[in-house]
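J.: Provided below for reference: sequence and predicted model.
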Amino acid sequence: MAGDIVAVNLAVLIALRIWAIVGQIPFDEVFIARTAYWFPLLSILWLVLAGLNGFFDLHLSLRFKNTLARLLVIEAQIVVVYVILFFLSPPETLPRLFMLYYGVGSFALIVLWRAWRPFLFGWSGFKRRVLVVGADWAAQTIIEALQTEAPDVYEVVGVVGGANQVGARLEDVPILGAGADLADIARREQIAEVVVVYHRNLPADLFEGVMTCYERGIAITPMPLLYERLTGRIPVEHVGSQWTVILPLQEKSFFNPYPLLKRLMDIVLAVLGLVLFAILLPFIALAMQIDSPGPLFYRQERVGKAGRVFKVIKLRSMIPDAEKYTGPLWSYENDPRITTVGRFLRKSRLDEVPQLLNVLRGEMSMVGPRPERPNFVEALAEDIPFYRTRLVVKPGLTGWAQVRYKYGSTKYDALVKLQYDLYYVRHQSIALDVVILFRTVGKMLAFEGS
């Protein structure tokens, strides 16, 4: 973080120098004093956006390609903020190309700093040696997650399973012993972390081994919590009796500002969004009528907070009466019911914008799990454990599942999206909401909607 701030301030200094050269202004103490506000302003903006985008996460920093991609996103967000301020400010208040100079300079300097990575000494040089306790489907799931999401951070040394499984392999990882061998294996293999995948009571021999490891200073991590940290999802199918992983018991404080701030943010953003939408609506309406004559909007029942049913308002993206003969169906790739203009509306997510009226009415929020249709909720709740847990918060115009996963059209997709939704329920905050909104804008601009 300190290195990033040094790079940012050096970039500001370089940008001011170029500004002075281009504008033929003397680059002296008077000029620097007059423009010094850029140093704290851009430092604060950098810290906020870098924090919201997880740029200080050591797991991200271990992969330079990921660091580079995230840095491009942050720089783009800074430019967007500057462009908005530029057009809202009086003429000649802000320099036209200053942010371009700063953006190029800060990008280059931060890339050099992050490529050097001196702050990762003692972290990246050695992988964290992990021992998985349990040799079932849950063990296979966490091994796959470790190998896929953090191969540079963790090394899965082995598995402790049943006595009849010793010598076999799970996801190409050897099963080194049974419960009674746990402590000896952990000491011999210099294990730093033991991941426990049992979601019921541990057998006595395993419990003794886990306690011995704990006494020796080895980290003990339940599989659902590690999986959550690695993927941003909660593995509901592997939780079992550990239901507090889904709904942690927390004491309610006398005053929690989050609901009030969230509602205030909903109202402000909904009003601004509807104003912009009103400007675009005549052009959208004309294109829709030329492509597929029929109503502009349609209303559809969805399930909201606490199971209350309400009707969402959306721009029509399908042919009129698309479900007249089939009944409720999930949309799918190359769905013939979707019109040409409707496909554009879905890709850009403009078809969802009228739901800002639902946000103003308090039926929805800007951020939350996407509301599903009642018949889908009933079917999915029967097959997927904890599915109705997503109904403890207001549904959202966008959400963690929407920015992290593709459009879902199967029960497996619904399961993965539920895992993301439950992560949001557990970790909801204004900071996370802002991150989701930024990523949503990025997906809209990249036409990554459904």
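T.: Yep, it's here.
J.: So which residues of this protein form strands?
T.: Assigned by DSSP state E, the strands in the chain fall at 128-133, 154-160, 169-170, 173-177, 193-196, 219-222, 297-303, 309-315, 365-367, 396-398.
J.: So what's the residue count around residue 339?
T.: 21 (other C-beta atoms under 10 Å). For the C-beta atoms, the positions are set from N, CA and C on the backbone; glycine is no exception.
J.: isn't it right next to residue 292, touching?
T.: Yes: if you go by C-beta atoms under 8 Å, residue 339 and residue 292 touch, sitting 4.3 Å apart.
J.: Give me the domain ranges for this structure.
T.: With domains defined by automatic domain parsing, the chain comprises 2-120, 128-245, 257-319+334-445.
J.: distance between the ends of the last one?
T.: The reference is to domain 257-319+334-445. 32 Å (C-alpha to C-alpha, to the nearest Å).
J.: can you check stretch 360-368 too?
T.: End to end - C-alpha to C-alpha - stretch 360-368 spans 15 Å.
J.: just how off-centre is it within its chain?
T.: Here stretch 360-368 is found 19 Å from its chain centre; the criterion is C-alpha atoms, centre = their mean, to the nearest Å.
J.: Buried ones in that stretch, by neighbour count?
T.: 363-368 (16 or more other C-beta atoms under 10 Å).
J.: coming back round to it: export the strands of the chain to CSV and tack on mean pLDDT?
T.: CSV is the format used below for these (pLDDT from 0 to 100):
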stretch, mean pLDDT
strand 128-133, 92
strand 154-160, 92
strand 169-170, 90
strand 173-177, 93
strand 193-196, 93
strand 219-222, 90
strand 297-303, 92
strand 309-315, 94
strand 365-367, 96
strand 396-398, 94
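J.: Quick check: which of those is nearest to residue 423?
T.: Of all the strands of the chain, strand 365-367 sits nearest to residue 423, with 12.8 Å by C-beta to C-beta.
J.: Other residues contacting the closest one?
T.: With contact meaning C-beta atoms under 8 Å, 6 or more residues apart in numbering, strand 365-367 is reached by 262-263, 265-266, 269-270, 359, 393-399, 424, 432-433, 436-437.
J.: check contacts around the residue lying closest to residue 357 once chain neighbours are set aside.
T.: Sequence neighbours aside, residue 313 is the residue nearest to residue 357 in space, at 5.5 Å (criterion: C-beta to C-beta, 6 or more residues apart in numbering). By C-beta under 8 Å, 6+ apart, the contact set of residue 313 is 297-299, 354-355, 357-358.
J.: could you redo the last one with a cut-off of 6 Å?
T.: 297, 299, 354-355, 357 (C-beta atoms under 6 Å, 6 or more residues apart in numbering).
J.: What separation is there between it and residue 401?
T.: 21 Å (C-beta to C-beta, to the nearest Å).
J.: Same question for residue 154.
T.: Relative to residue 401, residue 154 is positioned 25 Å away (C-beta to C-beta).
J.: Settle it for me: which of those two has more neighbours?
T.: Per other C-beta under 10 Å, whichever of residue 154 and residue 401 has more neighbours is residue 401, with 28 against 22.
J.: I'd say that one and residue 417 touch.
T.: Yes: contact status for residue 401 versus residue 417: in contact at 4.0 Å, counting by C-beta atoms under 6 Å.
J.: What's the local residue count around residue 13?
T.: Counted with other C-beta under 10 Å, residue 13 comes out at 15.
J.: give the contact list for it.
T.: Contacts of residue 13 by C-beta under 6 Å, 6+ apart: none found.
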